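Engineer: give me the fold of what follows.
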Amino acid sequence: MRSIASRTLLPVILALVLAAGTGCAISISGTPVRQQTDPASLQVGNYQTVPRVLGNAKTDKQSRVRESQRLSDYVALPFEADHDYTYECSNDVHPHLVTNHKGLGDILINDTFDEVAHDLRGGWINTWCTGAESDEQHRELSIAVLELPDAGRAAAVGPALEHDDFTYNADNHPVTLSKYPDSRAHWRPNVASLGSWTVHDRYVVFIKIVDELSAPNLPDLTARTERMLDVALPLLDKFAPTPADEFAHLPLDPDGILGRTLPTNPEETLRPDPDGAYTGRGALQSLSDADLDFLTVGDVDLVGYGDAIVVHSRTGSAAEALWQRWNPATGKPDTQQNLAPPPDFPGDVGCFAILARGQVVFNQCTFHVDRYNVQVGARNVLELYQKTSAQYVLVTSR
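Structural biologist: Got it, this is the predicted structure:
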């Protein structure tokens, strides 16, 4: 597959060849290519300015991580089943990736997970809450999807995990989901919480609801679980798992977007997930959006997550529309304080400090160029400016 840059260069190369052959003025349709940005013209510090080639997975862990990122684009988000879920409430604490028992954090207490699901290919978890982050209590829904090598293994793993989860507490009682009678679920009648396990082809879907707003209400908990499954299972049918003979050497960056994204310094990262490339739902992580409209507004086809978030649109007009949606000028004055742009920055850019209780807690720049919209963050302003400038060089590089 051609890289993003090579797809853009073809019309210009064609124009040069035709002009040289005819010796006359001609008009050629195509997409113009921006002149190469000279890193020396901007203050980029020691940050990466040359696109990288990441190649293929070299270890089983890399393959599992990459498959999990691919899967994420087909894992339903709680608000798709119920608009009461308004914000992601664990992305700063727990990873989205599930490659072993640690990925499920504290929503699952199970000391046999790694043994039972020893051949797990990958997994992803989304946890969203109702109300506002400032609320003392809320309703929380977590949905985790585990991918196994085949349907037979999923049929064995799902019930085994549910059994261990069920028997952990002697007060648990089995629960039947009327719309999904093959699912296994349980709850404690004096606790407003429900956990369920559903096997769907090669996938095991774990849903847990914890309700701090209401008294224990089993019909409500089961209905919420069923609505989540109504959305989740059809999405998984659209996912194409990596064939077994290709799994060990999965391309880590098949479209080149991650190579144009600043790599994260493992010692400084604020995200619990590793760098990765996404094409759909998985891209919502760490964004302030509370819906998936940015994907359609921006006609987004690729997103790179590293030390910046790099979003690529299929067309320039769509990228412009997304810029208008994300333009920092539309920010809230009570939570943002405007900053000057990086020195000599050549593109559309807006920078601001993020405030909490009147104090600066983080700094961010958002910029738009060609088919890209980019978000860059840092704790101090000098670092922010250097990273933003280096990221501009990366996305405009040939």
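Engineer: OK, contacts around D237?
Structural biologist: Residues in contact with D237 (CB atoms under 8 Å, 6 or more residues apart in numbering) are D201. All C-beta atoms are positioned from the backbone trio N, CA, C, and that covers glycine.
Engineer: what about stretch 276-292, average pLDDT?
Structural biologist: The average of the pLDDT scores along stretch 276-292 is 88.
Engineer: from what I can see V231 touches V75, true?
Structural biologist: No. Counting by CB atoms under 8 Å, V231 does not reach V75; the two are 10.3 Å apart.
Engineer: who's more crowded, the two?
Structural biologist: Taking other CB atoms under 10 Å, V231 and V75 do not tie; V75 has more neighbours (24 against 16).
Engineer: can you pull the pLDDT of the more buried one?
Structural biologist: 97.
Engineer: list the contacts for it?
Structural biologist: Contact analysis of V75 by CB under 8 Å, 6+ apart lists W124, I125, N126, I143, V145, A232, L235, L236, R281, G282.
Engineer: let's see that with 7 Å instead.
Structural biologist: W124, N126, I143, V145, R281 (CB atoms under 7 Å, 6 or more residues apart in numbering).
Engineer: could you redo the residues you listed as TSV and give each row neighbour count?
Structural biologist: Output for the contacts of V75, formatted as TSV (neighbours: other CB atoms under 10 Å):
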residue	neighbour count
W124	27
N126	26
I143	26
V145	28
R281	20
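Engineer: closest one to Y85 out of those, please.
Structural biologist: Closest approach between these and Y85, by CB to CB: N126, at 9.5 Å.
Engineer: right, and that closest one touches A81 too?
Structural biologist: No. Taking contacts as CB atoms under 7 Å, N126 lies outside contact range of A81: 11.0 Å.
Engineer: how about the closest residue to L235 other than its chain neighbours, secondary structure?
Structural biologist: Nearest non-adjacent residue to L235, counting by CB to CB, 6 or more residues apart in numbering: Y74, 4.8 Å away. The three-state assignment at Y74 reads coil, by DSSP: H, G, I helix; E, B strand; the rest coil.
Engineer: any idea how far L262 is from Y74?
Structural biologist: Plainly put, Y74 is 27 Å away from L262 if you go by CB to CB, to the nearest Å.
Engineer: show me the contacts for the residue nearest to L235.
Structural biologist: L235, L236, K238, F239.
Engineer: check which helix or strand the last one maps to.
Structural biologist: Secondary-structure element containing F239, defined by DSSP states H and E: none, the residue being outside all helices and strands.
Engineer: backbone dihedrals for the spatially closest residue to it that is not a sequence neighbour, both of them.
Structural biologist: Closest residue to F239 apart from its sequence neighbours, by CB to CB, 6+ apart: Y74 at 4.0 Å. Backbone torsions for Y74, taken as degrees, to the nearest 10, come to phi -120, psi 10.
Engineer: how about L120?
Structural biologist: phi -60, psi 130.
Engineer: gap between the closest residue to it other than its chain neighbours and P272?
Structural biologist: Excluding the flanking residues, the one nearest L120 by CB to CB, 6+ apart is L146, at 6.0 Å. Noted for L146: a distance of 18 Å to P272, by CB to CB.
Engineer: so which helix or strand takes in S68?
Structural biologist: Here S68 sits within helix 60-72, counting by DSSP H and E.
Engineer: quick one: name whatever helix or strand follows that helix.
Structural biologist: Scanning forward in sequence from helix 60-72 by DSSP H and E, the next helix or strand is helix 78-81.
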